[in-house]
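> what follows is a predicted protein model with its sequence.
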Amino acid sequence: MISLNVDIFSIYGRLLDEFKRMSEAKPSEQGYQMNKRLFFDVFSFIYDTTFLIDDTKAISFVEIFLKFIKSKDPHPLCDQYKLIDCIHNCIENKNNAVVFINENGMFNFFTYFKEKNAGSSLRFLKLCQTVYRIDHSYCLSLKQEKITESPNELIIK
């Protein structure tokens with residue numbers, strides 16, 4: 001099983017570098033939308049199960065995911081329901097949940113799928129409860145400056 005873990009990340013190692021670059025790029029850059037869609041597929045593959053959630057390289061995919069959902073798309077490039085399931089798996093690693101909290105991930109997820117939220121509100125609420133229900137021992141990992149930015153984002157958007 002461990003060799004499968006290593007093989008998966010060696011396959012996606014170069015893609016990870018490209019995804020990092022694209023997450024910093026402008027949406028108008030050539031290939032951006034295609035790479036963003038590919039990234040969502042890779043993220044879904046990694047977090048479709050809990051097999052890879054503790055791999056130290058997997059957190060890079062969480063950080064990129066959170067950057068990508070900050071930029072809105074008129075037509076979201078992935079299946080919202082599938083992503084909710086993947087995020088549930090992802091945040092079983094509480095370090096990933098901390099990253100979601102620090103980056104205001106749930107709010108950005110909600111606004112990314114703003115037009116499609118009607119049918120998934122209960123699932124989204126349960127996901128939010130899971131993200132924000134972290135053990136007190138992880139509270140030291142929360143970044144105060146990031147948390148204070150979040151209310152400002154809510155007011156602006």
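Here it is on my side, so go on.
> quick one, what contacts the nearest residue to Ser141 once chain neighbours are set aside?
Ranked by C-beta to C-beta, 6 or more residues apart in numbering and with sequence neighbours excluded, the top spatial neighbour of Ser141 is Val98, at 4.5 Å. Just so you know, the C-beta spots here come from the backbone N, C-alpha and C atoms, and that holds for glycine as well. Residues in contact with Val98 (C-beta atoms under 8 Å, 6 or more residues apart in numbering) are Ile134, Tyr138, Ser141, Leu142.
> buried members of the residues you listed into PyMOL, please.
Selecting only the buried entries of the contacts of Val98 in PyMOL, with 16 or more other C-beta atoms under 10 Å as the criterion:
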select buried, resi 134
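> out of the contacts of Val98, which is nearest to Asp17?
Asp17 has its nearest neighbour among the contacts of Val98 in Ser141, at 25.7 Å by C-beta to C-beta.
> which element, helix or strand, includes the residue nearest to Ser141?
In this structure, Val98 sits in helix 94-102 according to DSSP states H and E.
> in that helix, what's buried?
Applying a neighbour-count criterion of 16+ other C-beta under 10 Å, one finds Asn95, Asn96, Ala97, Val98, Val99, Phe100, Ile101, Asn102 buried in helix 94-102.
> what about the strands in this structure?
For the chain, strands defined by DSSP state E do not occur.
> can you pull up the most central residue in it?
The centroid of the chain falls nearest to Phe65 when counting by C-alpha atoms, centre = their mean (3.8 Å).
> that one: what's it in contact with?
Here Phe65 is in contact with Phe39, Phe40, Phe43 (C-beta under 8 Å, 6+ apart).
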